[in-house]
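Asker: Based on what follows, work out the 3D shape:
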Amino acid sequence: MRGETSAHETRADGWSATWQLHHGRLRITLVRRVSENEPLLSSPLATAPDLTVLRERHPELSRLWDEVRADFWRPTRTAAASPAARIQQVTLRSRRAGYRMVRQPQPPRLWTLLDADDGMPLHTARTLDQLEQWLDE
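Answerer: Numbers count the residues shown, from 1 in each chain. Alright, predicted model coming up:
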């Protein structure tokens, strides 16, 4: 489960939902087609509908709602996860956010987030925890 401090984006079937935990409720502040600028929903956090309400209003987006729920409950840091699983998890998270994650081959073997479109470096970190912290901001 995620903290209440930052917004997250989930994508499915060409749709994007921006969501955040607010006073214990998963609030969705923006829903739009990825290919369009005009949102289906745009709302301030304090008055944004929760996931249950949007499931009822827009059942045609059930796959998006399922992905939002899965992202919410997906642990971002699990002590029991193998290093390879953790790398894969952060790589997928980076990709969803529009970045490409690489590790430098030579010491100090830093992790770097690149812009997925042009390959320009955006952020470098020594650890996956630092990289995830930057993604949370």
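Asker: only C-alpha atoms for contact and neighbour calcs from this point on.
Answerer: Will do.
Asker: Could you report the neighbour count for residue 33?
Answerer: For residue 33, the count of nearby residues is 16 (other C-alpha atoms under 10 Å).
Asker: check contacts around it.
Answerer: If you count contacts by C-alpha atoms under 8 Å, 6 or more residues apart in numbering, residue 33 has them with 14-16, 39-40.
Asker: Would you reformat these as CSV and include secondary structure and distance to residue 69?
Answerer: Below are these laid out as CSV (DSSP: H, G, I helix; E, B strand; the rest coil; distance: C-alpha to C-alpha, whole Å):
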residue, secondary structure, distance to residue 69
14, coil, 17
15, strand, 15
16, strand, 13
39, strand, 20
40, strand, 19
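Asker: Just the buried ones from these, in ChimeraX syntax?
Answerer: Provided next is the ChimeraX selection string for whichever of the contacts of residue 33 are buried by 16 or more other C-alpha atoms under 10 Å:
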select :15,16
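Asker: Out of the contacts of residue 33, the closest to residue 104 would be?
Answerer: For the contacts of residue 33, the residue nearest residue 104 by C-alpha to C-alpha is residue 16; the value is 31.3 Å.
Asker: Roughly how far does the closest one sit from residue 65?
Answerer: As for residue 16, its distance to residue 65 is 10 Å (criterion: C-alpha to C-alpha, to the nearest Å).
Asker: same thing with residue 13?
Answerer: As judged by C-alpha to C-alpha, residue 13 and residue 65 stand 11 Å apart.
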